[in-house]
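J.: Sequence and predicted structure are below.
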2 protein chains.
Amino acid sequence: MTADEKPAVASTRLRKQGGVALWRQIADGIRQGIREGVLGNGERLPPETDLAERFGVNRHTVRSAIAALVQEGVLRAEQGRGTFIQNKERIVYPISKRTRFSRGIDGQARSTSGRMVDCLTEVASEIVATMLALDPKSPVVKLKSVSLADGLPLSSATSWFDSRRFEGIGKIYEKTGSITASLAHFGVEDYTRRSTTISARHADEIECRLLSLAPGAIVLVTKAINIDASGKPIQFSITRFVADRVELSVSPEEKLEAL
Amino acid sequence: MTADEKPAVASTRLRKQGGVALWRQIADGIRQGIREGVLGNGERLPPETDLAERFGVNRHTVRSAIAALVQEGVLRAEQGRGTFIQNKERIVYPISKRTRFSRGIDGQARSTSGRMVDCLTEVASEIVATMLALDPKSPVVKLKSVSLADGLPLSSATSWFDSRRFEGIGKIYEKTGSITASLAHFGVEDYTRRSTTISARHADEIECRLLSLAPGAIVLVTKAINIDASGKPIQFSITRFVADRVELSVSPEEKLEAL
DNA sequence: TTGAATTTGTCCGTATGTATT
DNA sequence: TAATACATACGGACAAATTCA
């Protein structure tokens, strides 16, 4: 280790002041260091023990600060390796009358892919039946999938289809990796989005596992209904986007119609 | 304390098992208790010391679990009072060509109000100038406001307007509490939304203070451009919604046009 | 392949501060 | 004022994952 290496973070010895908790002051210090560009994307933070010594606090106090920044998505901690600055560039995902997954993120990532996680036929819940305008307890196909961009998980989607109209859509999707192509296989030439609702919350355990997220990560949740040319609902889907990697864009129709 | 009070949470003595951290097991236990309705909305959790004893762990271990659930928005901790179950009902906020704040949440809350936080004239940043289609470094009015529903903060918005066209819009907004009314005062009969982008992240310190949020809370961030009848941008705004209280709805135009 | 060093993760115990009741 | 309950900070110990000689 060289003696004159640049200080990764300000090392001003902190003391209780102004009623602001020490761990908050440390978190702010690291956040500022990142904003000022002292620490670039992907770079490694000094070990917790070093930081503790520099700030003149216990290791646990530094850990509280780091934990908060991991929650915010500013840092990423890896056991045995270190703590790193987290890239925050987001892929823009357009939501419009003609929302299509592959079209949406086309060109923004070097590679995109989709993988089916699960597919089964079940009895429609009250919500699903309403969304698909089916009789209560109609059989529906439930299809769960994960999409990746540049090898990293981007979103996880659960879709429901009328089982009588789209029986076996899971197998088609498994082959094509595309909802649009799968629907076309059943004679759906075109479909449009009737409605989308958007909310945000922390990812639960299952989502963390499926999307390789740290506990406490945020997901952007969209619930959407797609309808065919005659206006009949054909797909109800709940998609959980990794909030750190995605920005949704509600664009005017004309732009995408031109495609 | 009565001897036969209902157990607020399962009190199975936990031990290291399956490689799952103790504090995670406890968090899952509490989460499950809420899902199963053992703990209702607003009810108080037993004190940390009690929980620690019941689970057979140190108080800090329980604190880790509670901290995670506070982050998730499941619980709310109040120093000196206790820890409570957090209400999670959301207000639906429609986003469409004719997005209007007051119209949007009308009828979903008993009362709504807006308050101006700050208003000043500044030189447009590169982004703001681009969004408003102004020459670089043009003077712009920056207006910051907070909206409440049923007395609780719902969102905080920062808007920019061309200072030459909308000079003094701050004073009008302060009186009317409505952007639509303020713009009408400057002869803008009608305006529509050109674009909206939506992302989610943790609230920063300033947002936590302004919106009365616990550190670690999530905000849904929308960036929007409104244009007048001739297509000229008149407002660029960044709105931070409290994610626990809001769900955005991208609705087809026809519905709101009918209003 | 092994094993030591490094680094983050979990848990315990204790003490003190601060807000509420 | 006193008791209660959450917040912060310190110290120590060991586990688990990674890296590297």
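T.: Noted; the coordinates are in hand.
J.: all contacts plus neighbour counts: C-alpha atoms, from now on.
T.: Noted.
J.: If you tally nearby residues, what's the number for A:Ile206?
T.: A:Ile206: 10 surrounding residues under other CA atoms under 10 Å in any protein chain shown.
J.: And it, its phi and psi?
T.: Main-chain torsions, A:Ile206, degrees, to the nearest 10: phi -60, psi -40.
J.: swap in A:Trp23?
T.: phi -60, psi -30.
J.: A:Asp162 now?
T.: Phi and psi for A:Asp162, reported as degrees, to the nearest 10, are phi -60, psi 120.
J.: residue contacts, it?
T.: In this structure, A:Asp162 makes contact with A:Leu132, A:Leu134, A:Ser138, A:Pro139, A:Val140, A:Val141, A:Ile234, A:Gln235, judged by CA atoms under 8 Å, 6 or more residues apart in numbering or on different chains.
J.: and whichever strand or helix holds A:Ser195, does that touch chain B?
T.: Using DSSP states H and E, the element containing A:Ser195 is strand A:191-202. Yes: using CA under 8 Å from any CA of the partner chain, strand A:191-202 reaches chain B at A:Arg194, A:Ser195, A:Thr196, A:Thr197, A:Ile198, A:Ser199, A:Ala200, A:Arg201, A:His202.
J.: Now render those residues as TSV, adding pLDDT, neighbour count and distance to DNA strand D.
T.: Conversion of these to TSV gives the following (pLDDT from 0 to 100; neighbours: other CA atoms under 10 Å in any protein chain shown; distance: CA to the nearest atom of the strand, whole Å):
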residue	pLDDT	neighbour count	distance to DNA strand D
A:Arg194	90	19	43
A:Ser195	89	19	39
A:Thr196	93	23	36
A:Thr197	95	19	32
A:Ile198	96	25	29
A:Ser199	95	25	26
A:Ala200	94	26	23
A:Arg201	89	25	20
A:His202	86	25	19
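J.: Out of those residues, which two sit at the greatest distance?
T.: Using CA to CA, the two most remote members of the residues of strand A:191-202 next to chain B are A:Arg194 and A:His202, lying 26.5 Å apart.
J.: Contacts only, for the closest residue to A:Ile218 other than its chain neighbours.
T.: Closest residue to A:Ile218 apart from its sequence neighbours, by CA to CA, 6 or more residues apart in numbering or on different chains: A:His202 at 4.4 Å. Listed by CA under 8 Å, 6+ apart, the contact set of A:His202 reads A:Gly216, A:Ala217, A:Ile218, A:Val219, B:Gln71, B:Glu72.
J.: can I get the residues you listed in CSV with distance to A:Glu78, pLDDT and neighbour count?
T.: Supplementary listing: the contacts of A:His202 in CSV, determined by distance: CA to CA, whole Å; pLDDT from 0 to 100; neighbours: other CA atoms under 10 Å in any protein chain shown:
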residue, distance to A:Glu78, pLDDT, neighbour count
A:Gly216, 15, 74, 23
A:Ala217, 15, 83, 24
A:Ile218, 18, 90, 27
A:Val219, 21, 94, 29
B:Gln71, 20, 78, 22
B:Glu72, 22, 77, 22
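J.: among the residues you listed, which are in helices?
T.: B:Gln71, B:Glu72 (DSSP state H).
J.: I'd like to know which of the contacts of A:His202 is nearest to DNA strand D.
T.: B:Gln71 (11.3 Å; CA to the nearest atom of the strand).
J.: Next, the contact list for A:Lys142, please.
T.: With CA under 8 Å, 6+ apart, A:Lys142 has these contacts: A:Cys119, A:Leu120, A:Thr121, A:Glu122, A:Thr158, A:Ser159, A:Trp160, A:Phe161.
J.: Assign the fifth one to helix, strand or coil.
T.: The one in question is A:Thr158. strand (DSSP: H, G, I helix; E, B strand; the rest coil).
J.: what about it, neighbour count?
T.: A:Thr158, neighbours per other CA under 10 Å, totals 18.
J.: And for the fourth one?
T.: Applying the criterion other CA under 10 Å, we find 14 residues in the vicinity of A:Glu122.
J.: got the contact list for it?
T.: So A:Glu122 contacts A:Pro139, A:Val140, A:Val141, A:Lys142 (CA under 8 Å, 6+ apart).
J.: measure it to DNA strand C for me?
T.: Separation of A:Glu122 from DNA strand C (CA to the nearest atom of the strand, to the nearest Å): 36 Å.
J.: Repeat that for the second one.
T.: Distance, A:Leu120 to DNA strand C, using CA to the nearest atom of the strand: 33 Å.
J.: what is that residue paired to in the beta sheet?
T.: With DSSP bridges as the criterion, A:Leu120 is bridged to A:Lys142.
J.: so it makes contact with A:Thr158?
T.: No: using CA atoms under 8 Å, A:Leu120 is not in contact with A:Thr158; the gap is 11.2 Å.
J.: Check whether A:Val128 really touches A:Phe161, as I assumed.
T.: No: A:Val128 is beyond contact range of A:Phe161, at 9.1 Å (criterion: CA under 8 Å).
J.: Endpoints of stretch A:181-189, how far apart?
T.: 9 Å (CA to CA, to the nearest Å).
J.: ok, and the closest non-adjacent residue to the residue nearest to the spatial centre of chain A?
T.: Central residue of chain A (CA atoms, centre = their mean): A:Val242, 0.9 Å from the mean position. Take A:Val242 and drop its neighbours on the chain: the residue closest to it by CA to CA, 6+ apart is A:Val219, 4.9 Å away.
J.: Any figure for the gap between the one you found and A:Ser96?
T.: 20 Å.
J.: Same check on A:Glu205?
T.: Going from A:Glu205 to A:Ser96 by CA to CA gives 30 Å.
J.: Give me the more crowded residue out of these two.
T.: A:Ser96 (25 against 14).
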